[in-house]
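Asks: The sequence isn't on hand, but the structure is:
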């Protein structure tokens, strides 16, 4: 249902990688707050349509755009189509990402490059396009700003593995570590333009990508040893945090990473004197 608060009424939000998991939850949450949402998918059109259909069923507004965020031409086309349809852009949630796991000594260049291309280069391409669009809208009477404060907001989807090493997943961890410094650097550069940039770093979240763990009772019990709060997170936990960072409620927050992890980054192994 559409929220009576309507915090994002008439704002336009792109959520990359929103055909499933955290991205899907973000798209649905923004639509429920009154936003016009661009649902993006790379290859699974059917799942993307399901996200759009769910938004429509709840009374929201959304369109579906295919784009591989690691390809510049796809990203530019997605932003053009967004502006052609809705006339402006207010929020980018740069969420698209993937894993291609392998032991370091066995990892191929292709496995390394694919993850870096999508998880890190994709962030660069989308954030650059969004920032250019935010600036193009300044003093444009046909695209009035819906915020009295910033001219645009960007939230990057990172991971607790931007600070927690992860053997067997070095390409993924490296991409997320890169996102942290990329985010801070562009936040510093774009702040004078009144563009805010932050990131969210989820811990263990109940999504299809890690179903093997949370659907197995023994593995789930082992996972709880890493989470002081003793529950796995939900995509909605992350979506609510992303929406807050995208709202005027967090206007003085810039260049920060918000960890949504139930305390996973608190070194729980040391909770009993190590």
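Replies: In hand now; what should we look at? Since we're looking at a predicted model, the values are computed, not measured.

Asks: Low-confidence bits of the chain, can you list those?
Replies: Residues of the chain meeting the criterion pLDDT under 70: 1-4, 141-144, 274.

Asks: all helices for it, in order.
Replies: Secondary structure of the chain by DSSP state H: the helices cover 21-32, 45-57, 72-86, 109-116, 122-137, 170-190, 211-214, 217-224, 235-245.

Asks: okay, the ones you listed in a markdown table with mean neighbour count and distance to residue 66 next?
Replies: Quick note: C-beta positions are derived from backbone N, CA and C, even for glycine. Listed next are the helices of the chain as a markdown table, based on neighbours: other Cβ atoms under 10 Å; distance: least, Cβ to Cβ, whole Å:
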| stretch | mean neighbour count | distance to residue 66 |
| --- | --- | --- |
| helix 21-32 | 27 | 14 |
| helix 45-57 | 16 | 7 |
| helix 72-86 | 16 | 8 |
| helix 109-116 | 15 | 18 |
| helix 122-137 | 21 | 14 |
| helix 170-190 | 19 | 22 |
| helix 211-214 | 12 | 25 |
| helix 217-224 | 12 | 34 |
| helix 235-245 | 21 | 22 |
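
Asks: Include distance to residue 92 when you put those into JSON lines, please.
Replies: Listed next are these as JSON lines, based on distance: least, Cβ to Cβ, whole Å:
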{"stretch": "helix 21-32", "distance to residue 92": "11"}
{"stretch": "helix 45-57", "distance to residue 92": "17"}
{"stretch": "helix 72-86", "distance to residue 92": "9"}
{"stretch": "helix 109-116", "distance to residue 92": "20"}
{"stretch": "helix 122-137", "distance to residue 92": "4"}
{"stretch": "helix 170-190", "distance to residue 92": "12"}
{"stretch": "helix 211-214", "distance to residue 92": "28"}
{"stretch": "helix 217-224", "distance to residue 92": "31"}
{"stretch": "helix 235-245", "distance to residue 92": "11"}
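
Asks: Please identify which of the ones you listed is closest to residue 101.
Replies: Comparison of these against residue 101 by Cβ to Cβ identifies helix 170-190 as nearest, at 7.2 Å.

Asks: So residue 47 is in contact with residue 19, correct?
Replies: Yes. Contact criterion Cβ atoms under 8 Å: residue 47 and residue 19 qualify, at 4.0 Å.

Asks: What residues does residue 198 make contact with?
Replies: By Cβ atoms under 8 Å, 6 or more residues apart in numbering, the contact set of residue 198 is 154-156, 183, 187, 245, 250, 253-258.

Asks: circling back to that earlier point, residue 270 is nearest to which of the helices of the chain?
Replies: Among the helices of the chain, helix 217-224 comes nearest to residue 270, with 16.3 Å by Cβ to Cβ.

Asks: quick one: contacts of the closest one?
Replies: Contacts with helix 217-224, where a contact means Cβ under 8 Å, 6+ apart, come from 204, 212, 213, 214, 230, 231, 232.

Asks: Just give me the residue closest to the centre of the protein.
Replies: Using Cα atoms, centre = their mean, the residue of the chain that lies closest to the mean C-alpha position is residue 95, 2.9 Å off.
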